[in-house]
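S.K.: need coordinates for the below:
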Amino acid sequence: MRFLRDNNEVAIALSEGQFEVVGPLSATPPEFDTQQFTDITYPAPQAVYLAVNYDPKNSDPLSPEIRRTLLLAPDRATILVEAVGDDGQIMPGSLLPGHWAANNDLPLPDYDPESARDLLRRAGLRDTDGDGWLDEAGKRLELGIRLNGQNELYQNLGWLLSSYYRDLGLFVRAESVPVDSVIDDLFTHDFSLALFSWPILPDPDQRLYWHSTENTEGLGLNFTSYNNAEVDSLLEEAVAIPGCEMEERSTLYADLQKILAEERPVDFLLAPNRHLLVADRLQGVEPGPFAPFTWNVTEWYLPEE
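M.R.: So this is what the prediction gives:
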C-alpha cells in the first residue's frame, strides 16, 4: 500500500504499472492512460446542500416567497458544469439516484428567474432607493451563505449560487469561514443560509436529518428546524416494517422523498463523482456509493493468461 500525495504521483504509479487499482479520486488525472486502465465513475456517498433555516437563532426566517425564489433562481445544469466540470449528479431529493429506495420520478425545481422575480414582488420587495438591491420594509435585504472557506467545491458553489440570487436583486454574499465556524452555526441554528454536506448511508433511514425531534440545538442534525407531522410519521413507520421488508419500505420512502422534494427543507444540490482507476487485467471490481470500493474484494480476479 502506498499513499499518493497528488495527481503527479498517481500518474507515475499508473505509468510504471505499480498498481491494479488507484483511487477513489475526485477527478481523473490528465495523464490517465485509457489503454491500460478503465475509469469507473460513481457518485460520492456524500451530497452537498444549501440549508435554508426555518427558525434562525438571531434573525427573522425568510418568507415562503423568498424560500421559493431561492429554488427557482439557479440553473442547476450550469452549476454542475461550473462547480464540478459536469462530473457529478444533480440531486432531485434526499437519496442518490440509483439507491434502492430512491424515488426516480422526482422533478428538479425549474430554472425560472421570471417567476422568481414575480415571487419577490409578491413578497413586497422593492428597490426603493435605486441602488440596484431589493429592500424589505424600507431596508436592504442582506443574506449570507455560510460555507467552509477551505473547501474549493463549497467556495465555487457559494459564488455561483450568490451570483444567481444577486441577478434578481437580492444582496447575497458567500461568507467563507473556518469549518469549525460553519459547524457551530449549524448546531446552534445561528444562520439563514449555509452550505454543507451529509453522508448518504446505505440504509435510507434519515430520521436524524428530518424528524422534528432532531432539531435540538447542539445535538440534532435537523439544522433547519424542519417540522412536518406526515414526514415524522413516514420516518417512524418505515423503520418499523417487520423484517425490514425492502419493497414496503421503499414505498414509504418514495412518499417521504416526494414531500421533501416539494418542501425542500434544504435545497438538494449535487453529489460529486468519484473515480476508481482499474487495470484492465483485473476483473470483478464494482465500486458504488454505499460501501468501500473493496466491498466485494473476494470476487476480484486476474484472468488466466
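S.K.: where do the helices sit along the chain?
M.R.: Along the chain, counting by DSSP state H, helices occupy 7-15, 64-72, 76-84, 113-122, 152-167, 179-188, 207-210, 229-238, 246-263.
S.K.: tell me which of these lies nearest to Thr294.
M.R.: Of all these, it is helix 7-15 that lies closest to Thr294, at 18.0 Å by CB to CB. Where you see a C-beta, it was placed from the backbone N, CA and C, and this is true even at glycine.
S.K.: buried stuff in the closest one?
M.R.: 7, 10-11, 13-14 (16 or more other CB atoms under 10 Å).
S.K.: swap in stretch 253-267?
M.R.: By neighbour count with 16+ other CB under 10 Å, stretch 253-267 contains the buried residues 253-261, 264-267.
S.K.: same question for it, mean pLDDT?
M.R.: Regarding stretch 253-267, the rounded mean pLDDT is 95.
S.K.: need the contact partners of that stretch.
M.R.: When contacts are defined by CB atoms under 8 Å, 6 or more residues apart in numbering, stretch 253-267 is touched by residues 49-52, 54, 67, 70-71, 92-95, 101-103, 106-107, 109, 204, 210, 222, 224, 226, 228, 230-231, 234-235, 238, 268.
S.K.: which of the residues you listed fall within strands?
M.R.: The strands, defined by DSSP state E, take in 49-52, 268 from these.
S.K.: what's the closest of the residues you listed to Val182?
M.R.: Nearest member of the ones in strands among the contacts of stretch 253-267 to Val182, counting by CB to CB, is Ala51, at 10.2 Å.
S.K.: per-residue confidence at that closest one?
M.R.: 96.
S.K.: surely it meets Phe223?
M.R.: Yes - contact criterion CB atoms under 8 Å: Ala51 and Phe223 qualify, at 5.6 Å.
S.K.: overlap in contacts, the two.
M.R.: Contact criterion CB under 8 Å, 6+ apart; residues shared by Ala51 and Phe223: 186, 194, 196.
S.K.: where's the last one relative to Arg76, distance?
M.R.: So that's Phe196. 18 Å (CB to CB, to the nearest Å).
S.K.: same check on the second one?
M.R.: Applying CB to CB, the value for Ala194 to Arg76 is 19 Å.
S.K.: those two: which has the busier surroundings?
M.R.: Ala194 (27 against 19; other CB atoms under 10 Å).
S.K.: for the more buried one, which residues are in contact?
M.R.: Here Ala194 is in contact with 50-51, 53, 145-147, 182, 185-186, 223 (CB under 8 Å, 6+ apart).
S.K.: export those to CSV and tack on distance to Pro29?
M.R.: Below are the contacts of Ala194 laid out as CSV (distance: CB to CB, whole Å):
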residue, distance to Pro29
Leu50, 31
Ala51, 34
Asn53, 40
Ile145, 32
Arg146, 33
Leu147, 27
Val182, 30
Asp185, 36
Leu186, 34
Phe223, 36
